[in-house]
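J.: no FASTA, just this:
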């Protein structure tokens, strides 16, 4: 069963500010505001990065899951990891076999998603999606390819989740995804057919969550400089967008 990292979603209280920062630092063009997220009390902005995507969601009113996450983790941060599979039936069977609850599911013409309860994997909402044809991406909007800009950033290539017990969280994600989790020092990694998911110890006082994502960029130093100019580099020298650390990988 093929599985790739296709989209990362962040949550921000101020969508316009997050959108401006992402465009300025990563050189991305906003492609879509998905009306489908309205049923969750959200509005969003979706940016294509090559064949992958970065999304920011923001609550439209009180009482949303995203709003509660903002409160619980003390501000903007990671929200969702979206994977794409070529065998949705097998993926859903594995989710059920692992005892994980599906909190939302949709099967449309050429597109389908499966949202797994975050308490059953830990750290973030995990969605396993299917597209037909595979290069299609429903959540990017009807003309996302015309918005692709790759002169600065070329792909989302990793997601990092922090946890009080990263080994346990890694084991749970591995069971749900039918993948192996390997350890290197204090970091556990699940390798995908494109991209990876890492699990690290939570050390910033914000609790379990999607703490970072990796973006392949053509010139990490130039991207870092753009972030510095906007005051988006933390005390450790790491680029931070919407409360989420960004690991810049040359590519």
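T.: Here it is on my side, so go on. From a predicted model like this one, the values you see are computed outputs, not experimental measurements.

J.: how much space between residue 166 and residue 209?
T.: Relative to residue 209, residue 166 is positioned 12 Å away (C-beta to C-beta, to the nearest Å). C-betas here are computed from N, CA, C, even on glycine.

J.: Give me the common contacts of those two.
T.: Counting by C-beta atoms under 8 Å, 6 or more residues apart in numbering, the contacts common to residue 166 and residue 209 are residue 202.

J.: so where's this protein uncertain?
T.: For the chain, applying pLDDT under 70 flags no range at all.

J.: Break it down into its domains, please.
T.: 3-146, 150-250 (automatic domain parsing).

J.: Residues contacting the one helix or strand residue 214 maps to, please?
T.: Assigning secondary structure by DSSP states H and E places residue 214 in strand 209-217. With contact meaning C-beta under 8 Å, 6+ apart, strand 209-217 is reached by 8, 10, 26, 49, 54, 69, 73, 77-81, 123-124, 152-162, 195-196, 200, 202, 204, 223, 244-251.

J.: And stretch 131-144, by the same measure?
T.: With C-beta under 8 Å, 6+ apart, stretch 131-144 has contacts from 6-7, 31-32, 34, 36, 46, 48, 51, 53, 55, 82, 84, 86, 108, 110-112.

J.: In ChimeraX, select just the buried ones from those.
T.: Burial among those is assessed by 16 or more other C-beta atoms under 10 Å; the matching ChimeraX selection reads:
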select :6,7,31,32,34,46,48,51,53,55,82,84,112
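
J.: Mind checking which of the contacts of stretch 131-144 are in strands?
T.: 6-7, 46, 48, 53, 55, 82, 84, 108, 111-112 (DSSP state E).

J.: Quick one: neighbours of residue 229, just the number.
T.: Other residues lying near residue 229 total 11 when counted by other C-beta atoms under 10 Å.

J.: Distance check, residue 227 against residue 76.
T.: 15 Å.

J.: what packs against the longest strand along the chain?
T.: Determined from DSSP E, the single longest strand within the chain is strand 153-163. Contact here means 3 or more C-beta pairs under 8 Å, 6 or more residues apart in numbering; DSSP states H and E; on that basis strand 153-163 packs against strand 3-11, strand 42-49, strand 52-59, strand 77-85, helix 166-177, strand 196-201, strand 209-217, strand 244-250.

J.: That one versus strand 77-85: what angle between them?
T.: Angle of strand 153-163 versus strand 77-85, following axes from the mean of the first three to the mean of the last three C-alpha atoms, to 10 degrees, is 110 degrees.

J.: Give me the buried stretch members for strand 153-163, please.
T.: Neighbour count says strand 153-163 has 153-163 buried, by 16+ other C-beta under 10 Å.
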